[in-house]
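In: only the shape, not the letters, is given here:
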């Protein structure tokens, strides 16, 4: 059943994608499915515009909810997300030192459009991004410090009129100058903050 459903949600479905991957200088359009490839395991599965597997997360919502590993299609660890008290840190591979960047929820009540701030750790060159919109509705975008959009989350359309995939299947559009793995790591953190997993996490705190 999982394989049958997979053929319905990946980008080889009859709904055409807006753009091919960013290797040719255009935006990469990914389909994100909030489901692991492993049986009885939560996670994420990500396909490119050709329907090929790009990223996977198989330990999502496991016994250790403070650590999530983003892998490539072959299962190699790309990035590790580690939760601290008030932020999420993202590291290369499965390391636990020298984080690449941190993500923190917006707490400014005067800026209701902003969801989170993405910044480099102390001691590294500043590279601030902000995410605005609504992750709950799968409608939000990431901007760099010059207000250029570098990534966007949008609902996934279906080929059948009136039939929706729901929030477990959506599109991630990444501009060619931005790293796809980093954008997917931020999606996972957004789901931790604002998705259904955040409810389970709060109940356990």
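Out: Thanks, I have the structure now. Keep in mind it's a predicted model, so treat the numbers as computed, not measured.

In: who's in contact with the host helix or strand of residue 186?
Out: Under the criterion DSSP states H and E, the helix or strand holding residue 186 is helix 180-194. Helix 180-194 is contacted by residues 22, 28, 30, 32, 34, 44, 46, 54-55, 57, 60, 68, 70, 78-79, 81, 83, 88, 90, 100-101, 103, 105, 115-116, 118, 131, 135-136, 140, 142, 150-151, 153, 172, 174, 197-198, 201 when judged by CB atoms under 8 Å, 6 or more residues apart in numbering. Every residue, glycine included, has its C-beta placed from N, CA and C.

In: show me where this protein has its helices.
Out: In the chain, the segments counted as helices under DSSP state H are 2-9, 180-194, 196-204.

In: coming back round to it: of the contacts of helix 180-194, select the buried ones using a PyMOL command.
Out: Per 16 or more other CB atoms under 10 Å, the buried members of the contacts of helix 180-194 correspond to this PyMOL selection:
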select buried, resi 22+28+30+32+34+44+46+54+55+57+60+68+70+78+79+81+83+88+90+100+101+103+105+115+116+118+131+135+140+142+150+151+153+172+174+197+201
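
In: how far away is the residue lying closest to residue 119 once chain neighbours are set aside from residue 155?
Out: Nearest residue to residue 119, sequence neighbours excluded (CB to CB, 6 or more residues apart in numbering): residue 128, at 4.9 Å. For residue 128, the distance to residue 155 equals 27 Å [CB to CB, to the nearest Å].

In: now for residue 146, how many residues are close by?
Out: Residue 146 has 5 neighbouring residues, counting by other CB atoms under 10 Å.

In: do you know how far it is from residue 175?
Out: Relative to residue 175, residue 146 is positioned 13 Å away (CB to CB).

In: ok, residue 83 next?
Out: 27 Å.

In: list the contacts for residue 77?
Out: Shown in contact with residue 77 (CB under 8 Å, 6+ apart): 69, 70, 71, 93, 94.

In: what's the burial count for the fourth one?
Out: Under the neighbour criterion other CB under 10 Å, residue 93 is assigned a count of 11.
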